[in-house]
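[1] Below is the structure, and that's it, no one-letter string:
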C-alpha cells in the first residue's frame, strides 16, 4: 500500500503524466511494473541465433520456477519460436514471437518451468539475413514475483473468439500484460499496434495450463498511438483473464 500511495503522489506532482492507468483494477496492479526497465541478459550467457537455427538453455534448479527470456537485434526484425521442454517428449508451452525492430522493441517474457528440470529452446524462424541475440536465466527481483502478484488480481474476462484492445498515453514507456486461465488451456494472440492495424510486435501462445504457464510479456511503447490488442483464438469454452497495466 505504501508503494501504491507513493505512485499516486508522484502522479499528482507531475500532473498525472507519471503513468497512465486505464482502469481502477489496473491502477492497483501498476506498482508491480516498477523495475521492468531493467530487463537485460546479464548472467544469461546470451547467444547469437542465426536465421533458421536454434539454441537451448537447461534449467535444473527445482527450487526456482520463473525464467526470464530476452531476445533483441541490431534493429532488424525478430522472428522467434520459443518452447518449454519437460522430459524427453513433453512440450507444455509454445510461444511464437515477432518484433518489427528488435532493438527498439525487444522480446521480453517470463516462462514458468513448473518447478521441474526443463529446457527452453529459442528458434530463429526468420531468414539468414535476420539473426538476433537471445538469453535465458532464472528471474531475479522484481521479475521473479510479478506473475504471482498479478495472478492474485482480477483482470478483464475475454471469452473464446473475442477481442479486447486498450490504447495508451504517449507518456507510457512500457506496458506489461499477463494472460491467465483457471487451469484450462490458453491459446491466444497479443499484438502491439501503432496506427491502423500496423503490427509492431506480436505474440501467439499455446499451453495446456494457463495458470502454471500464464503468459507474461513486457512491451516497450515509444511514441504515441500505441494499442495492445488481445485475441482469444480458443473455442468459447476456454476463456481467460487479461491483466494489462502501464507506467
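    Sure thing, it's come through. As the structure is a computational prediction, the values presented were derived from the model and not from experiment.
[2] Which strand residues bridge the residue nearest the centre of the chain?
    With distances taken as C-alpha atoms, centre = their mean, the chain has residue 217 as the residue nearest its mean C-alpha position (0.7 Å). For residue 217, the beta-bridge partners are residue 109, residue 177 (DSSP bridges).
[3] Residue 93 now?
    Here residue 93, judged by DSSP bridges, has bridge partners residue 84, residue 207.
[4] So it sits against residue 85, correct?
    No - counting by C-beta atoms under 8 Å, residue 93 stays clear of residue 85, with 9.2 Å between them. C-beta here means a position set from N, CA and C on the backbone, and glycine is covered the same way.
[5] Between those two, which is the more surrounded one?
    Higher neighbour count among residue 93 and residue 85: residue 93, with 24 against 18, using other C-beta atoms under 10 Å.
[6] Just the helices from the chain, written as ranges.
    For the chain, helices defined by DSSP state H occupy the ranges 2-13, 24-29, 143-151.
[7] for stretch 214-225, which positions count as buried?
    Within stretch 214-225, the residues that count as buried by 16 or more other C-beta atoms under 10 Å are 214-221.
[8] what's the answer for stretch 57-70, then?
    Neighbour-count burial for stretch 57-70 flags 57, 59, 65-70 (criterion: 16+ other C-beta under 10 Å).
[9] From residue 53, how far out is the residue nearest to the centre of the chain?
    23 Å (C-beta to C-beta, to the nearest Å).
[10] if we can go back for a sec, mean pLDDT for the helices of the chain: which is lowest?
    Here the lowest mean pLDDT among these goes to helix 24-29, at a mean of 36.
[11] looking at it, residue 226 is touching residue 171, isn't it?
    No - Residue 226 is beyond contact range of residue 171, at 10.9 Å (criterion: C-beta under 8 Å).
[12] More neighbours: which of the two?
    When neighbours are counted by other C-beta under 10 Å, residue 226 and residue 171 differ, and residue 226 comes out ahead with 22 against 15.
[13] which residue packs closest to the more buried one, ignoring adjacent ones?
    residue 168 (5.0 Å; C-beta to C-beta, 6 or more residues apart in numbering).
[14] Let me know whether the one you found touches residue 221 as I believe.
    Yes - using C-beta under 8 Å, residue 168 is in contact with residue 221, at 6.0 Å.
[15] Compute the number of surrounding residues for residue 110.
    Using other C-beta under 10 Å, residue 110 has 21 other residues around it.
[16] Ok, residue 211 next?
    Using other C-beta under 10 Å, residue 211 is surrounded by 14 other residues.
[17] Look up how far residue 109 lies from it.
    Using C-beta to C-beta, residue 211 is found at 17 Å from residue 109.
[18] same thing with residue 228?
    14 Å.
[19] Neighbour count: the two, which is higher?
    Per other C-beta under 10 Å, whichever of residue 228 and residue 109 has more neighbours is residue 228, with 24 against 20.
[20] Thanks again, I'm all set now.
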